[in-house]
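Peer 1: got a predicted structure here, sequence first:
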Amino acid sequence: MSLSRRNSMGGQAMAEDKQHQLSPTSWNRFEECPRKYWLSKQGLPRKAGMAASLGTAIHNSVEDLCNLDLDGRDDEEVGWLPEAVKEAMDRNWEAEREVFLATPRHPRWKEDRLPKARVGLAGALSILMSRTNAAERSLPKVSVGVWRQVQQRVLATESNLVSDCGRLTGRLDLLLSEPDEQGKERWIVADLKTGNPPESSLDEKVDRQLRLYRDILKQSKPEHPPVQAEGWYSADQSVHRTDGPPILDAAIEAWGLMTPTEDPPAATPSEAACAFCDWKAWCPSWWVARMEGEIIPHGSFSDEVVRLVRLEAETGAALFERTPPVGVDGELSGSQHRFGALLADSALDSIREIAESGNDGPLFLGSAMVSSSTLRLGHWSEVMPWSPLLRSSR
């Protein structure tokens, strides 16, 4: 069975406009916290991060190399792949930098992460060549002919998957064809991961994602050979397979629970759900949980909801007053808890803009570095108006 490199595999989307779809990302958000999922659908300003950008650059570079045009090249040519790999990463790194800087909420771009991205790409290619049984796996020694054989085993890259009902969707990194132990064809659904590999079993979120990809693919291609799903971790070139049960029925059930609503669903705040949530400035629930001791800040960074008492705009020295919640809808009260902070870079620019606009309302401070009794906020931090969203804006 032939599949195109970049395509949409699956059923036709249902006719109704604006019908919501469940993807692995949205499902994981919903399972973490229904309100987090709801907020992610409200068109709020997007946030960029270096880890995600690094991963995207690696993913896109792997895709480019899998689809590299080798017409007119001699099968015996060697020494060409390292330069092709470098060019792919340089191109995608620059493209991702532009996207990152154009995103409304972003910290400083870290150019010094490029070497790490190159190492991650090398790790991803090492797995690819291993899983396609490439005759040579040292990049300088890989011939054009060997890479053509690798490409022939790659059935699809970055392909959109859509279930027959149109309610379930996902974006598949790689689909490979390989012979099994008896020489019969099987398909490998591969999802490339650029974060930390698991110590033993797959993380629940990754396992759910892989099974969803696997099962949508099997539904959309009834004549498929045996299919297995794998997570590829570029950091240590490890491969982790899931053999979990079918998941489409559970996905459809979750899809029903995720139907868009005017009012926000109940939140389920926890350290796991709230630690890296992008929408705290619009969610009153995490602040209530924090003040009630359900969420305890750990490490060197903290988030706060405050009132600005005083700002020295030139030096960035500020005095804040913590504003505890009153009720569960984002109303706040004053307190005797005051603390100093030093702001610099984009954090200082943000608070200056807010002060100059005449907005004297409460503020959300994101990723403030804790240092004794004085907080530090810089390019890694956020300073935003506290704006609890209590009704859908879409």
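Peer 2: Here it is on my side, so go on.

Peer 1: so residue 257 touches residue 30, yeah?
Peer 2: Yes - Residue 257 lies in contact with residue 30 (Cβ atoms under 8 Å); the separation is 7.2 Å. Bear in mind the C-beta positions are built from the backbone N, C-alpha and C, glycine included.

Peer 1: in stretch 84-97, what's buried?
Peer 2: 84, 85, 88, 89, 92, 93, 96, 97 (16 or more other Cβ atoms under 10 Å).

Peer 1: which of those residues lies closest to residue 37?
Peer 2: Among those, residue 96 lies closest to residue 37 (Cβ to Cβ), at 25.5 Å.

Peer 1: hang on, the earlier thing: of residue 257 and residue 30, give the one with the bigger neighbour count.
Peer 2: residue 30 (20 against 11; other Cβ atoms under 10 Å).

Peer 1: for the closest residue to that one other than its chain neighbours, which residues are in contact?
Peer 2: In this structure, residue 30 finds its nearest non-sequential neighbour in residue 37, 4.0 Å apart by Cβ to Cβ, 6 or more residues apart in numbering. By Cβ atoms under 8 Å, 6 or more residues apart in numbering, residue 37 lies in contact with 26, 29, 30, 258, 265.

Peer 1: straight-line length of stretch 285-296, end to end?
Peer 2: End-to-end distance of stretch 285-296 (Cα to Cα, to the nearest Å): 14 Å.

Peer 1: check the offset of that stretch from the chain's centre.
Peer 2: Averaged C-alpha coordinates place stretch 285-296 at 25 Å from its chain's average position (Cα atoms, centre = their mean, to the nearest Å).

Peer 1: for that stretch, which positions count as buried?
Peer 2: 285, 286, 287, 288, 289, 290, 295.

Peer 1: which non-adjacent residue is nearest the fourth one?
Peer 2: Just to be clear, that refers to residue 288. residue 325 (4.8 Å).

Peer 1: cool, the second one as well?
Peer 2: The shortest distance from residue 286 to any residue other than its chain neighbours is 4.5 Å, reached at residue 274 (Cβ to Cβ, 6+ apart).

Peer 1: the first one now?
Peer 2: In this structure, residue 285 finds its nearest non-sequential neighbour in residue 267, 3.5 Å apart by Cβ to Cβ, 6+ apart.

Peer 1: now for that neighbour, how many residues are close by?
Peer 2: 22.

Peer 1: would you list every one of the helices in this structure?
Peer 2: 24-32, 34-40, 50-66, 81-102, 114-131, 144-153, 204-220, 248-257, 271-274, 285-291, 345-356 (DSSP state H).

Peer 1: any weak-confidence spans in this structure?
Peer 2: The model of the chain has pLDDT under 70 over residues 1-18.

Peer 1: quick check: domain ranges of it?
Peer 2: Domain ranges of the chain: 8-253, 271-385, per automatic domain parsing.

Peer 1: in TSV: the ones you listed, plus distance to residue 393.
Peer 2: Below are the domains of the chain laid out as TSV (distance: least, Cβ to Cβ, whole Å):
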stretch	distance to residue 393
domain 8-253	5
domain 271-385	9
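
Peer 1: for residue 392, which of those domains is the nearest?
Peer 2: domain 8-253 (6.5 Å).

Peer 1: run the chain-centre distance for the closest one.
Peer 2: 12 Å.

Peer 1: stretch 257-268 now?
Peer 2: 22 Å.

Peer 1: please save the CA atoms from it in CSV.
Peer 2: Output in CSV follows, covering the C-alpha atoms of stretch 257-268 (Å, rounded to 0.1, in the frame of the first residue of the first chain):
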residue,chain,number,x,y,z
LEU,A,257,-16.7,15.5,27.6
MET,A,258,-14.6,18.1,25.9
THR,A,259,-17.5,19.8,24.0
PRO,A,260,-16.9,23.6,24.1
THR,A,261,-18.9,25.4,26.7
GLU,A,262,-19.6,29.1,27.5
ASP,A,263,-18.8,28.7,31.2
PRO,A,264,-15.4,27.2,32.2
PRO,A,265,-15.5,23.7,33.6
ALA,A,266,-14.3,23.0,37.1
ALA,A,267,-10.5,23.1,37.5
THR,A,268,-8.5,20.3,39.0
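
Peer 1: next, the buried residues of it.
Peer 2: Applying 16+ other Cβ under 10 Å to stretch 257-268 flags 258, 264, 267, 268 as buried.

Peer 1: enumerate every residue touching the nearest residue to the last one once chain neighbours are set aside.
Peer 2: Pointing back at residue 268 there. In space, and not counting its chain neighbours, residue 268 is closest to residue 33: 4.8 Å by Cβ to Cβ, 6+ apart. Each residue near residue 33 by Cβ under 8 Å, 6+ apart is listed here: 267, 268, 269, 270, 273, 274, 277.

Peer 1: correct me, but the fifth one touches residue 39?
Peer 2: No - if you go by Cβ under 8 Å, residue 273 and residue 39 don't touch, sitting 11.8 Å apart.
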